[in-house]
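Peer 1: Sequence isn't available, so here's the structure alone:
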């Protein structure tokens with residue numbers, strides 16, 4: 001909960017039938033701090049929004065996947081569950097790609113979906129959801145269509161607590177259209193702990209192994225930043241002079257990438273992970289799976305002679321981890337317990353990461369040159385929301401993230417998250433500048449988010465790297481037997497005019513093809529108080 005509940009609300013909860021379902025749900029949403037509603041409306045949702053509260057905000061998205069992406073960014077930025085309203089089966093179906101991403105991102109989200117009136121559900125009416133609770137599975141933590149209208153407020157309360165329990169994630173409540181005006185009771189105020197401490201005995205074994213190691217490495221993942229454990233993890237790495245690697249496919253930055261102990265980014269390939277970690281006798285994975293793979297591999301999961309230890313908030317992740325020991329619970333509390341142990345042995349400082357050479361300007365700009373320039377003009381506290389898969393290795397070399405809560409991307413690999421997530425992050429962190437770094441192919445999955453950004457006048461700079469192709473697929477094709485001369489079908493994207501698309505959505509926009517114009521274009525966009533699209537033509 002966001003604050004104490006007024007005594008009058010607590011007392012009213014014992015008086016049955018004095019309010020409607022709508023009033024009871026609004027009361028809950030206010031107490032849970034969910035006063036921003038991310039939605040795309042449909043007929044079965046309209047009664048929910050009659051007499052819409054003046055202290056609430058309705059954030060309109062032009063497509064359901066865009067709505068969920070905005071809610072995802074907002075929830076991550078505010079560290080609280082966001083509230084989403086979708087339309088029956090069709091709306092939930094449209095949203096499923098970003099519901100999957102929210103599941104992988106461990107984003108707390110309460111999704112309500114409209115349903116047809118109870119009296120006609122036996123006849124499979126138009127725009128109903130025949131199996132409403134089954135449709136979003138397995139990518140929601142819990143789903144329900146309450147048996148009675150009176151049960152809707154309690155179902156939404158339970159949904160909120162489940163969404164906020166680690167590992168956090170989306171939940172769904174299907175609400176028939178005629179429930180909102182039915183009598184109900186206010187839900188009593190409760191205090192529910194959502195922070196669980198890892199088992200001390202297992203942490204002690206991990207601490208002993210860490211103390212005894214000679215060349216420890218840490219692999220850090222998104223849960224560190226989600227659990228507000230950035231400073232504690234930096235302190236633990238410094239206490240042990242441990243090299244720190246970013247976990248494969250991590251959706252957040254969890255360690256300053258300019259730190260002397262930062263070693264780089266692990267790829268999602270088993271053999272390469274083992275090779276990169278080969279000099280270490282202990283690997284401590286914190287807030288990350290050990291490990292996320294993208295392609296089939298073979299051989300051991302860790303170097304010969306090394307020990308794997310893991311601290312994770314997710315019992316499922318601990319269960320499928322193939323080797324080593326795992327402690328399950330709050331990342332922050334677990335790291336604090338490790339820091340509370342006696343000062344470890346003094347170790348030599350490991351070799352520093354080799355810096356990439358400067359990228360130079362060329363007639364057709366390289367992605368490295370664009371991101372190097374962006375790194376020079378943006379402030380360290382500016383927030384980067386990224387969805388440019390083919391540019392990610394270059395970004396990791398030329399656009400270092402150095403502060404907590406300044407980087408967001410998707411853990412899922414599903415496209416359509418980045419643009420709407422940037423809108424949600426900007427809403428959740430008012431006063432911050434947001435840079436949304438997109439590929440041209442990724443941009444087209446949720447381009448509607450530009451309209452919402454323009455309507456809300458959000459300070460977002462959308463940088464679109466336009467290489468006129470699905471470069472990630474072309475670069476990945478050799479893994480599946482393509483030769484350099486083979487044509488990869490369906491990967492060319494000519495003739496997309498992002499400047500016209502952006503202006504049609506209400507955003508200022510410019511196209512940059514000359515490297516001499518890049519810095520000024522980025523500086524002008526970042527200085528603006530409204531969204532601005534910078535399309536950069538790259539090779």
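Peer 2: On my side now, so go ahead. All values reported here derive from a predicted model rather than from experimental measurement. Residues are numbered from 1 along each chain as shown.
Peer 1: confidence score at residue 3?
Peer 2: At residue 3, the model reports a pLDDT of 39.
Peer 1: And the one 3 residues further on, by the same measure?
Peer 2: At residue 6, the predicted lDDT confidence score is 33.
Peer 1: part of a helix, is residue 85?
Peer 2: No. Looking at residue 85 with DSSP: H, G, I helix; E, B strand; the rest coil, it is strand, so not inside a helix.
Peer 1: ok, for it, nearest residue in space, not its chain neighbours?
Peer 2: Excluding the flanking residues, the one nearest residue 85 by C-beta to C-beta, 6 or more residues apart in numbering is residue 39, at 3.9 Å. Where C-beta positions appear, they are placed from N, C-alpha and C, glycine not excepted.
Peer 1: same check, this time on residue 506
Peer 2: Per C-beta to C-beta, 6+ apart, closest to residue 506 is residue 454, 3.4 Å.
Peer 1: With residue 507 as the reference, measure out to the one you found.
Peer 2: 5 Å (C-beta to C-beta, to the nearest Å).
Peer 1: Mutual contacts of those two, please.
Peer 2: 530, 531 (C-beta atoms under 8 Å, 6 or more residues apart in numbering).
Peer 1: for the residue nearest to residue 118 when sequence neighbours are not counted, phi and psi?
Peer 2: Using C-beta to C-beta, 6+ apart and skipping residues adjacent in sequence, the residue nearest residue 118 is residue 176, 4.8 Å away. Torsion angles at residue 176 (phi, psi; degrees, to the nearest 10) stand at phi -60, psi 150.
Peer 1: Give me the below-cutoff pLDDT ranges for the stretch 1-150 of the chain.
Peer 2: For the stretch 1-150 of the chain, the stretches with pLDDT under 70 are 1-17.
Peer 1: and the residue nearest to residue 222 when sequence neighbours are not counted, how many neighbours does it have?
Peer 2: In this structure, residue 222 finds its nearest non-sequential neighbour in residue 252, 3.9 Å apart by C-beta to C-beta, 6+ apart. Neighbour count of residue 252, defined by other C-beta atoms under 10 Å: 25.
Peer 1: quick one: contacts for residue 252?
Peer 2: Residue 252 touches 76, 221, 222, 224, 225, 226, 407, 408, 409, counting by C-beta under 8 Å, 6+ apart.
Peer 1: what sits up against the stretch of helix or strand residue 152 belongs to?
Peer 2: Here residue 152 sits within helix 152-164, counting by DSSP states H and E. The contact list for helix 152-164 (C-beta under 8 Å, 6+ apart) reads 21, 24-25, 28-29, 32, 34, 80-81, 108-110, 112, 141-142, 144, 146, 169-173, 175, 179, 184-187, 190, 192, 194.
Peer 1: Only the buried subset of the residues you listed, as a PyMOL command please.
Peer 2: Burial among those is assessed by 16 or more other C-beta atoms under 10 Å; the matching PyMOL selection reads:
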select buried, resi 21+24+25+28+29+32+34+80+81+108+109+110+112+141+142+144+146+169+170+171+172+173+175+179+184+185+186+187
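Peer 1: Filter the contacts of helix 152-164 down to the ones in helices?
Peer 2: Using DSSP state H, the members of the contacts of helix 152-164 that fall within helices are 21, 24, 25, 28, 29.
Peer 1: what's the first one in contact with, if anything?
Peer 2: What that stands for is residue 21. Residue 21 neighbours (C-beta under 8 Å, 6+ apart): 149, 150, 152, 153, 179, 180, 181, 182, 183, 184.
Peer 1: where does the nearest residue to residue 531 once chain neighbours are set aside fall, helix, sheet strand or coil?
Peer 2: In this structure, residue 531 finds its nearest non-sequential neighbour in residue 453, 4.1 Å apart by C-beta to C-beta, 6+ apart. Secondary structure, three-state DSSP: residue 453 is helix.
Peer 1: ok, now which ones touch residue 453?
Peer 2: 422, 423, 426, 460, 462, 507, 531.
Peer 1: Would you mark the buried spots in the longest helix seen in the chain?
Peer 2: Secondary structure of the chain per DSSP H: the longest helix is helix 88-105. For helix 88-105, a neighbour-count test (16+ other C-beta under 10 Å) marks 88-89, 91-105 as buried.
Peer 1: Helix, strand or coil: sort out residue 535 for me.
Peer 2: With three-state DSSP as the basis, residue 535 sits in strand.
Peer 1: Isn't it up against residue 501?
Peer 2: No. Applying C-beta atoms under 8 Å, one finds residue 535 not in contact with residue 501, separated by 9.3 Å.
Peer 1: Sounds good, over and out.
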